[in-house]
Each structure stands twice: as C-alpha cells, then as structure tokens.
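Colleague: Output the structure for:
(one chain, ligands or ions: 1)
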Amino acid sequence: METILSIHQLTKFYGKNKAVDQVSFKIEKGHVYGILGPNGSGKSTTLGMILNVVNPSSGSFSWFNGNLNTHDALKKIGAIIEHPNFYPNMSAIENLELVTKIKCLTHPNYQEKLELVGLWDRKNDAFKTYSLGMKQRLAIASALLNNPEILILDEPTNGLDPQGIHQIRAIIQKIAAQGTTILLASHLLDEVEKICSHVIILRNGKMIYDGSVDAMNASHGYFEVAAENSEKLEAFANQNEAFETVIKLPNNLYKLILNKPMEADTLNEMAFKNDLVLSHLVKRKESLEESFLNLTKNEAQHA
Ligand SMILES: Nc1ncnc2c1ncn2[C@@H]1O[C@H](COP(=O)(O)OP(=O)(O)OP(=O)(O)O)[C@@H](O)[C@H]1O
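Modeller: Down below sits the predicted model:
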C-alpha cells in the first residue's frame, strides 16, 4: 500500500479557538476519502494546512512518504478549496491555457479533461455564460491539468441543484475509477456514503472516527421484543451474553442490542426453551445515519 499523505497530531489555533485538535490519519493510494463533519468542525482548516495555505500551530504532515518537499509534492496534487474563479470573458479553453502557462504545465490535454467533465461541447463559450455546476466542473478540469495523483475538493457540491450535484458526484467517481486518489470535505453524510470508501469524521476539530464507510455501520443490529411476562423477559435478556445492552422502551418493549450475529428464529427458539412466549419480535439494523448520530453523540458524552 502506497501512502500519499500522512498527518500526525495536526493542530490549529485561531487565537484561543482550537479549530483542529491533534488530528492524525493516513491517505492510501487509490481510495476515496471523505472528511465529514458539520460546519465549523475544522474540515477546511485541515485541508488548508496540508495544502500550505494555513500554518499549523503544531503537529506535522508528510506527502508521498516524505520523499518530496511540499513544493514538489504540490505539483502532484490537484485541489479546489475555493469557489471556481476564472476570467469571465474568456472561454473554457482560454482559461485552461492560462492556468497551464501560470503553472508551467507540460501535458495538459484539454480535450481529455473537458470531455471528462462534460464541457468539451462548450469549450469556446465564455466562462460568464456557464451555470454554477458548469463552473464547478471547469474547476475540476483545471485541477486535473497536472494529471495529479490526488484530487482534493472542499464541499464540491455546495450550492448546486440536484442535477448538478449528481453530475459532480458521477465525475468524482469516474476520476476515482481511473486510479486517482480523492480527498473530499463534506458536511453531507449521504454524499460521503455515495462517493467515499473511507471516512474521517471531525467534530469540534477532533477526529472521532477514521475507517471504512462500511465499518461505520458494522453493528449486528438489535431486536425489539415483548412478552407477557416482562420481568422474565428482562432477566432472560440480561443473562444472555449475545446482548451488549438491554434497553427498556415504553409499552413493555425491550431493545436488545446484539454484540454478535443472531437471527430472529434463534432468539424465538431460545426464549421458548426458557418458557417465554414472545408477543412481539422484530429485528432491525441501524441506518448509517443512526450510526453516525450515535458516534457523534457518544463523543459528546465523552467530551
Ligand atoms: N481564518 C480564520 N480566522 C479565525 N477563525 C477561523 C478562520 N477559519 C476558520 N476559523 C474557525 O475555525 C473553526 C473551523 O472552521 P473550518 O472552516 O475549518 O470548518 P469547516 O468544517 O470547514 O466548516 P465550513 O464548512 O463551515 O467551512 C471554526 O470555528 C471557524 O470559525
């Protein structure tokens, strides 16, 4: 596995405000990473630090296994961390030519980049005639001109309509499928779920999760049960080591949270053997959203 970026205990104070608090994670080649968190959680500040536009207060990071200094590393990175900003009276091609000159790029291949973002047909139209979604797509084409190893995007679908959002997400997936590593910041759980394989969750500047999107929702689920003899049911559930937690709900219902896989018919059979007749038995699994809320809630309790 090739490490593209390694961040160690990165911290940023703005005055007394700790915007980023000892954040550490690694970005491995070929994956799509999301930095997920509500507004103000430190996503943009983290991206700013790794792109050398914000000075860290402490901690460190290294690009490409530390084999390159940051100046050379930046040549292998494509990033969009601000609103797309091009010359309004110039066409897409003219704007990309200018970026190529300014950055002294050698193999820009405008057609490939503009086709990828669906703007080749509009290449000669002035930037000022573009919709917000088209402007964002041109920014992506521009960030790809140096054929980067990693593309970094800050809230890439902000302000776009549903169709524009869908187009941008599809383009990001296409770029990832071509082998480019992606790091995107988003406050939208469903965006991260749809596009990313890995997620780093920030809350108040602190990292509260770093792992695969699938593992975030890797719980075994829970049963919702009831029996005429509630006390007996509660005692039975508390004795059973398959249940991590037993929660009493209104109306004599119990929520039995599993710590290992178990099917409903197994539970029913075990209850029956203990002279318990269940009048209600439903197996449920938390949605990703519930897992996310639980994660952030647990962190709030520990804070
Ligand atoms: N230039 C700055 N000067 C002072 N405080 C700042 C500055 N930039 C960010 N902050 C503060 O740092 C904290 C983290 O902000 P940051 O923009 O990194 O979060 P974010 O998760 O990207 O949120 P958003 O999506 O709203 O930008 C916030 O409390 C914010 O007010």
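Colleague: From here on, just use CA atoms for contacts and neighbour counts.
Modeller: OK.
Colleague: residue boundaries of the helices in this protein?
Modeller: Assigned by DSSP state H, the helices in the chain fall at 43-50, 70-74, 92-102, 110-116, 132-143, 162-177, 189-195, 213-216, 230-239, 264-273, 288-302.
Colleague: Give me the angle between the third one and helix 132-143.
Modeller: By that I understand helix 92-102. Here helix 92-102 points in a direction 30 degrees away from that of helix 132-143 (axes from the mean of the first three to the mean of the last three Cα atoms, to 10 degrees).
Colleague: So what touches stretch 62-73?
Modeller: Residues from elsewhere that reach stretch 62-73 (Cα atoms under 8 Å, 6 or more residues apart in numbering): 2, 3, 4, 5, 6, 7, 52.
Colleague: if you set the cut-off to 6 Å instead, what comes out?
Modeller: Contacts to stretch 62-73, defined as Cα atoms under 6 Å, 6 or more residues apart in numbering, come from residues 4, 5, 6.
Colleague: Can you say which of the helices of the chain is nearest to the ligand?
Modeller: Counting by Cα to the nearest ligand atom, the ligand lies closest to helix 43-50 out of those; the figure is 3.6 Å.
Colleague: Can you give the contact residues for that closest one?
Modeller: Counting by Cα under 6 Å, 6+ apart, helix 43-50 makes contact with 54, 55, 56, all of which sit outside it.
Colleague: Neighbour-wise, give me the winner out of those.
Modeller: residue 56 (19 neighbours; other Cα atoms under 10 Å).
Colleague: okay, now the domains of this protein?
Modeller: 3-215, 222-285 (automatic domain parsing).
Colleague: Highest mean neighbour count out of those domains?
Modeller: Using mean count of other Cα atoms under 10 Å, the stretch among those with the largest mean neighbour count is domain 3-215, at a mean of 18.
Colleague: tell me the average confidence for it?
Modeller: Domain 3-215 shows an average pLDDT of 93 in the prediction.
Colleague: still on that earlier bit, select, out of the helices of the chain, the one closest to residue 254.
Modeller: Taking Cα to Cα, helix 230-239 is the member of the helices of the chain nearest to residue 254, at 7.7 Å.
Colleague: what angle sits between that closest one and helix 264-273?
Modeller: 120 degrees.
Colleague: so who does the residue of the stretch 51-200 of the chain found nearest the ligand touch?
Modeller: Using Cα to the nearest ligand atom, residue 187 is the residue of the stretch 51-200 of the chain that sits closest to the ligand, at 6.8 Å. Applying Cα under 6 Å, 6+ apart, we find residue 187 in contact with 36, 37, 38.
Colleague: So which of those residues are in strands?
Modeller: Among those, the members falling in strands (DSSP state E) are residue 36.
Colleague: Make TSV out of the contacts of residue 187 and add distance to the ligand.
Modeller: Listed next are the contacts of residue 187 as TSV, based on distance: Cα to the nearest ligand atom, whole Å:
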residue	distance to the ligand
36	8
37	6
38	6
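Colleague: Let me have the domains of the chain in TSV, adding distance to residue 294 as columns.
Modeller: TSV is the format used below for the domains of the chain (distance: least, Cα to Cα, whole Å):
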stretch	distance to residue 294
domain 3-215	11
domain 222-285	13
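Colleague: To residue 293, which of those lies closest?
Modeller: For residue 293, the closest of the domains of the chain is domain 3-215, at 10.3 Å, according to Cα to Cα.
Colleague: first to last residue in the closest one, what's the distance?
Modeller: 21 Å (Cα to Cα, to the nearest Å).
Colleague: Equivalent analysis for stretch 220-237, please.
Modeller: From its first residue to its last, stretch 220-237 covers 16 Å (Cα to Cα).
Colleague: what does this structure have sitting close to the ligand?
Modeller: Residues of the chain lying near the ligand by Cα under 6 Å from any ligand atom: 14, 19, 37, 38, 39, 40, 41, 42, 43, 44, 45.
Colleague: Leaving out sequence neighbours, find the closest residue to the fifth one.
Modeller: What that stands for is residue 39. Closest residue to residue 39 in three dimensions, ignoring its sequence neighbours and counting by Cα to Cα, 6 or more residues apart in numbering: residue 187, at 6.7 Å.
Colleague: So what does that neighbour have for phi and psi?
Modeller: As for residue 187, its main-chain torsions (degrees, to the nearest 10) stand at phi -100, psi 0.
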